[in-house]
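Enquirer: Coordinates for the following, if possible.
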Amino acid sequence: MEIDANPLSKITPYERLQIARAAKRPYALDVYEALFENFVELHGDRRYGDDMAIVAGTARFHGTPVVVIGQQKGRDTKERRLRNFGMPKPEGYRKALRVMKLAEKFSRPVFTFIDTQGAYPGIEAEERGQAEAIAYNLREMAKLDVPVIVTVIGEGGSGGALAIGVGDRVLMLENAVYSVISPEGCAAILWKDAAQAERAANCLRLTAHDLKQLGIIDVIVPEPKGGAHNNAEEALRLLDGALKENLESAMLMQRSVRLKHRFEKLRELGKWEG
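Expert: Numbers count the residues shown, from 1 in each chain. Model prediction:
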């Protein structure tokens with residue numbers, strides 16, 4: 001199911017950002033529990049360690065064997081620290097790619113769920129190859145033989161989101177946001193004042209309606225009135241229908257056609273007229 005709402009909605013980009021960050025909004029683990037069966041988590045990148053900001057594993061979706069990969073922020077202080085506030089390190093992206101390669105080996109479609117302010121920018125992450133891990137994922141995801149369905153369920157921030165964001169179909173919840181940088185980061189760079197975040201949000205074209213118009217995403221998934229955090233059960237029901245429809249569409253395509261379409265879609269990103 002896809003929404004056909006007026007892009008001139010009274011909800012401002014900054015207000016949508018607050019909805020996307022709502023503490024009770026469904027996270028990746030909520031999606032796994034509600035929509036997937038027999039989820040088995042896989043840990044570690046086989047090179048350094050396990051990154052709890054990315055939760056990945058095998059599951060079944062309406063009877064179809066799949067893999068799921070998502071970013072998990074955590075709800076309380078203890079879990080947020082455990083999950084590093086949903087900001088993955090290189091080992092997280094390498095774990096994600098390891099699971100994708102397993103999916104390719106056993107012909108399982110891939111579902112990814114984006115919800116991060118961005119990749120972790122700490123010194124240790126840079127020392128372990130953060131940029132290289134992101135770049136490698138982008139290249140390898142573009143070549144995966146199996147269908148890849150990407151969904152932005154909350155925040156999609158910069159390369160931290162893109163590293164699990166290359167797919168045949170890119171879905172986005174109605175009040176999610178997806179941008180090259182957080183509004184706070186943008187404001188700090190442009191105006192030396194993070195308090196100008198609302199001004200930056202209005203300039204970044206980060207809403208689902210903007211991104212659908214620009215061809216960055218394919219489908220806007222509607223949310224219950226007021227946002228997914230007001231009625232998580234209904235929000236997940238709507239998401240379930242959208243995931244099922246887009247998976248079926250991707251699986252009907254021949255492998256060569258699907259890969260060609262994915263490549264052409266990537267090549268078109270960033271082009272516009274005017």
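
Enquirer: Buried residues, stretch 129-140. List them.
Expert: 129, 130, 133, 134, 136, 137, 138 (16 or more other CB atoms under 10 Å). All C-beta atoms are positioned from the backbone trio N, CA, C, and that covers glycine.

Enquirer: any idea how far it is from the chain center?
Expert: 16 Å (CA atoms, centre = their mean, to the nearest Å).

Enquirer: before we move on, what about stretch 140-156?
Expert: On CA atoms, centre = their mean, the centre of stretch 140-156 falls 8 Å from the chain's centre.

Enquirer: what bridges to the residue nearest the centre of the chain?
Expert: The structure's the chain has its C-alpha centroid closest to residue 114; by CA atoms, centre = their mean the separation is 1.9 Å. For residue 114, the beta-bridge partners under DSSP bridges are residue 152.

Enquirer: Low-confidence ranges, the stretch 151-274 of the chain, go.
Expert: Flagging of the stretch 151-274 of the chain using pLDDT under 70 yields the residue ranges 273-274.

Enquirer: What segments of it are helices?
Expert: Here the stretch 151-274 of the chain has its helices, by DSSP state H, counting those that start in this stretch, at 158-162, 183-191, 197-203, 208-214, 232-252, 255-268.

Enquirer: and residue 35, which of these is closest to it?
Expert: For the helices of the stretch 151-274 of the chain, distance to residue 35 was read as CB to CB. The smallest value, 5.0 Å, belongs to helix 232-252.

Enquirer: and the closest one with helix 255-268, angle?
Expert: Interaxial angle of helix 232-252 relative to helix 255-268 (axes from the mean of the first three to the mean of the last three CA atoms, to 10 degrees): 120 degrees.

Enquirer: Buried residues, helix 232-252. List them.
Expert: Result for helix 232-252 [16+ other CB under 10 Å]: buried residues 232, 235, 236, 238, 239, 240, 242, 243, 244, 246, 247, 250.

Enquirer: Let me know the closest of those residues to residue 156.
Expert: Taking CB to CB as the measure, residue 156 lies nearest residue 239 of the buried residues of helix 232-252, at 15.3 Å.

Enquirer: and the closest one, how far is that from residue 186?
Expert: For residue 239, the distance to residue 186 equals 28 Å [CB to CB, to the nearest Å].

Enquirer: Same list, the helices of the stretch 151-274 of the chain, but as a markdown table with distance to residue 122 please.
Expert: Shown next, in a markdown table, are the helices of the stretch 151-274 of the chain (distance: least, CB to CB, whole Å):
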| stretch | distance to residue 122 |
| --- | --- |
| helix 158-162 | 13 |
| helix 183-191 | 15 |
| helix 197-203 | 22 |
| helix 208-214 | 29 |
| helix 232-252 | 32 |
| helix 255-268 | 29 |
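
Enquirer: quick one, which of those is nearest to residue 58?
Expert: Using CB to CB, the helices of the stretch 151-274 of the chain put helix 232-252 closest to residue 58, at 15.5 Å.

Enquirer: that older thread, okay if I get the buried residues of helix 232-252 as TSV plus distance to residue 262?
Expert: As requested, these are exported to TSV (distance: CB to CB, whole Å):
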residue	distance to residue 262
232	31
235	27
236	27
238	25
239	22
240	24
242	19
243	18
244	20
246	13
247	15
250	10
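
Enquirer: So which of the residues you listed is the closest to residue 218?
Expert: Using CB to CB, the shortest approach to residue 218 within the buried residues of helix 232-252 belongs to residue 246, at 7.7 Å.

Enquirer: Now for that closest one: which residues touch it?
Expert: Applying CB atoms under 8 Å, 6 or more residues apart in numbering, one finds that residue 246 lies in contact with 149, 169, 171, 218, 219.
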